[in-house]
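Visitor: The following block contains a protein sequence and its predicted model.
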Amino acid sequence: MPQGLREPPLILKIAAATVMVAGLSFASPILVPLALAILISFAVSPLVSRLERWRFGRVGSVGVVVFAGVALAAGTVFLIAGQAADLTARLPAYRGNLSKKFAVVRNFERKWTNATGEIARAGQDPQEAGPALPAPPPQKSDFFSLRDSAGKSLEILLTAGGVVVLVIFILLQRQDLHARALRVAGGGHYGVTSQALNEAADKVSRYVLAEVALNTLYGAVITIGLFFLGIPNPFIWGLLCALLRFVPYVGPILAAAMPIGLSLAVSADWSLPIATISFFAVVELVVNNVVEPLVHGRSTGLSPVAILAAAAFWTWLWGPVGLILSTPLTVCLFVFGKHFPPLHFFHVLMGQEVDRSLAARLYPRLLASDHDAVWEAVSAELKRTGLAETFDATLVPVLELVKRSRLSGELEADESQRIVRDVEEIADEAADEAASGAKAKVALKGDVLCIPSRDETDAACCRMLTRVLEREGVTARLCLPDAVPAPTGETPKPSVFCVVDVRTASPRRLQHMADRLRTRFPDVPVVAARLPANGADAHPIPPSPGVHPASTVEECREVVKRLLEPVGEPVAERELQPAP
């Protein structure tokens, strides 16, 4: 965190989050239609762009897409209404089958009630009187019921109309709205903000289109299956199943309940209901475990736990509409957390990708002072590889995490020093164990002076490097930057300098130290090691005459071995030849 700025206390963060949640709940009549409109706009925006490339024009493209969407929705409503009317006309013919099944259920219920009543009376005092039954609630009149239904229907129609209007304006002004969002949220970081907005729109759009394709396929399978099972009006049930599946978790249950209930009315026995239940169970298993992973893949990047938690939160906040919007809203938070540091915890908590590196697992163990668990992992790695490779895979990346946590203010200085001391102890134990079973090395003439770039993490890496070089027959020692001997002093100059820097924001300090050593000691080669290795940034500084970059302890060892001569041969500085 920049100097002069203090991180707000935890109680202030909790208060801000509480106020934000309360605002989302209070403003739900405005925010819910707006969120629905944005979601629909994300879904149909690729189609609008395609029509614009076909020279329909912006207004014409938006008009065609909106008209087609409204017509499809209206046609679906009328089709469902017609099918429902036909089904209602057939229901009296199934009254006998329903009466038989209800009689079986009531008989079972009566037996269960009698059994539980006997158990309750056996433990009850005979003189104790039972509680008085409450008076039945007053019944609403038909007029008030009709008024309430009409009011809710009007509210739904007005909300739907508002969503359509918002979709039209968002599609017409999407470039302008994108630019305004950059200016409001960018804070001068237009590149990062633009990348975040584009990635969020792309992920949400791909999620919605994949969900539409999956639900369409699901509805078609349900329609065909119910047709062969003999359930009346299979098309309406397939259509309802496809629509209700947009509601996560609850929708598929409601969709299956209606055809299963109808199978009870159609069949004279229990064979058809059992077949219908089995059919839905098989389809759900196949869709959830085979088709859905193939269709969605890793499109959202969210973990299953994050999706469940988000569904519960948004349902509590906005009701059924919040459940529908939960995944797209969570995807947006996940993407923003990836690009904006203050929201990074969203990316960590919700992401499907987990840092499974060995260092990421060892660092929490060191924070908890679990020395044994860390040593067990280091020892196992040491048995599999060599000492230098073990340091590169375990302790050096841990020191990088320690350094970054301390520089960001997440770790106190005392705690950082304690962890570094623990790492040094474990490194010494690993070096002793490696030395116990090692073969004798041919001694190399000359000595290496290991110089830490800045702090205790750099010094700890220097100590690891000295232990690795000692196993190779090299005389190596640690020297702080202000204790480097003068070129004309009585202390003999080393054969090789090795400057070690644990990665931070910039390699400039490492470059400066290497250049200064070359200026003071022009005939002594310098190994500039920036640890640990980090992908494309394997060589942090450009190689120059006498300066040899390295990014791992193993690479430092190999560079030093090629710069020094075996004992008995003339000692002369050799420029590092490219590795084969």
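Guide: Arrived safely, thanks for sending. Numbering: from 1, shown residues only.
Visitor: correct me, but residue 344 touches residue 337?
Guide: Yes. Assessed by C-beta atoms under 8 Å, residue 344 is found in contact with residue 337 at 5.4 Å. C-beta here means a position set from N, CA and C on the backbone, and glycine is covered the same way.
Visitor: Tell me which of those two has more neighbours.
Guide: Higher neighbour count among residue 344 and residue 337: residue 337, with 20 against 13, using other C-beta atoms under 10 Å.
Visitor: Is that one inside a helix or a strand, and which specific one?
Guide: In this assignment (DSSP states H and E), residue 337 forms part of helix 320-339.
Visitor: With just CA atoms, put that helix into CSV.
Guide: What follows is helix 320-339, C-alpha atoms only, in CSV (Å, rounded to 0.1, in the frame of the first residue of the first chain):
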residue,chain,number,x,y,z
PRO,A,320,-36.5,-15.9,-7.5
VAL,A,321,-35.1,-13.4,-10.0
GLY,A,322,-31.9,-13.2,-7.9
LEU,A,323,-31.6,-17.0,-8.3
ILE,A,324,-31.7,-16.6,-12.1
LEU,A,325,-29.2,-13.8,-12.0
SER,A,326,-26.9,-15.3,-9.4
THR,A,327,-24.4,-17.0,-11.8
PRO,A,328,-24.0,-14.0,-14.3
LEU,A,329,-23.6,-11.5,-11.4
THR,A,330,-21.0,-13.8,-9.7
VAL,A,331,-19.1,-14.1,-13.0
CYS,A,332,-18.8,-10.3,-13.2
LEU,A,333,-17.5,-10.1,-9.6
PHE,A,334,-15.1,-12.9,-10.3
VAL,A,335,-13.7,-11.1,-13.4
PHE,A,336,-13.5,-7.8,-11.7
GLY,A,337,-11.6,-9.5,-8.8
LYS,A,338,-9.1,-10.8,-11.4
HIS,A,339,-8.3,-7.3,-12.7
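Visitor: which helix of the chain spans the most residues?
Guide: For the chain, the helix with the greatest residue count under DSSP state H is helix 190-229.
Visitor: now residue 487, what's its secondary structure?
Guide: When classified by DSSP: H, G, I helix; E, B strand; the rest coil, residue 487 comes out as coil.
Visitor: returning to what we had before: buried residues of the helix holding residue 337, list them for me.
Guide: Under the neighbour-count criterion of 16 or more other C-beta atoms under 10 Å, helix 320-339 has 321-339 buried.
Visitor: Repeat that for stretch 475-482.
Guide: 475, 476, 478, 479.
Visitor: Now distance to residue 387 and pLDDT too, for those, in a markdown table please.
Guide: Output for these, formatted as a markdown table (distance: C-beta to C-beta, whole Å; pLDDT from 0 to 100):
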| residue | distance to residue 387 | pLDDT |
| --- | --- | --- |
| 475 | 17 | 86 |
| 476 | 13 | 89 |
| 478 | 17 | 90 |
| 479 | 22 | 88 |
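Visitor: Can you tell me which of those residues is nearest residue 47?
Guide: residue 478 (65.2 Å; C-beta to C-beta).
Visitor: quick one, what contacts the closest one?
Guide: Shown in contact with residue 478 (C-beta atoms under 8 Å, 6 or more residues apart in numbering): 450, 451, 452, 459, 462, 463, 466.
Visitor: do you know how far it is from residue 432?
Guide: 18 Å (C-beta to C-beta, to the nearest Å).
Visitor: Can you say which two of the contacts of residue 478 are spatially most distant?
Guide: Maximum pairwise distance in the contacts of residue 478, criterion C-beta to C-beta, is 12.1 Å, between 451 and 463.
Visitor: how much space is there between the residue most central in space within the chain and residue 340?
Guide: Most central residue of the chain, judged by C-alpha distance to the mean C-alpha position with C-alpha atoms, centre = their mean, is residue 351 at 0.7 Å. Distance of residue 351 to residue 340, computed by C-beta to C-beta: 15 Å.
Visitor: In three-state terms, label residue 498 for me.
Guide: The three-state assignment at residue 498 reads strand, by three-state DSSP.
Visitor: what's the neighbour count on it?
Guide: 27.
Visitor: try the one 5 residues further on
Guide: Using other C-beta under 10 Å, residue 503 has 22 other residues around it.
Visitor: Hmm, it is touching residue 551, no?
Guide: No. The criterion here is C-beta under 8 Å, and residue 503 misses it with residue 551 at 9.0 Å.
Visitor: in the stretch 351-500 of the chain, which spans are strands?
Guide: For the stretch 351-500 of the chain, the strands defined by DSSP state E, counting those that start in this stretch occupy 444-445, 447-452, 475-478, 496-502.
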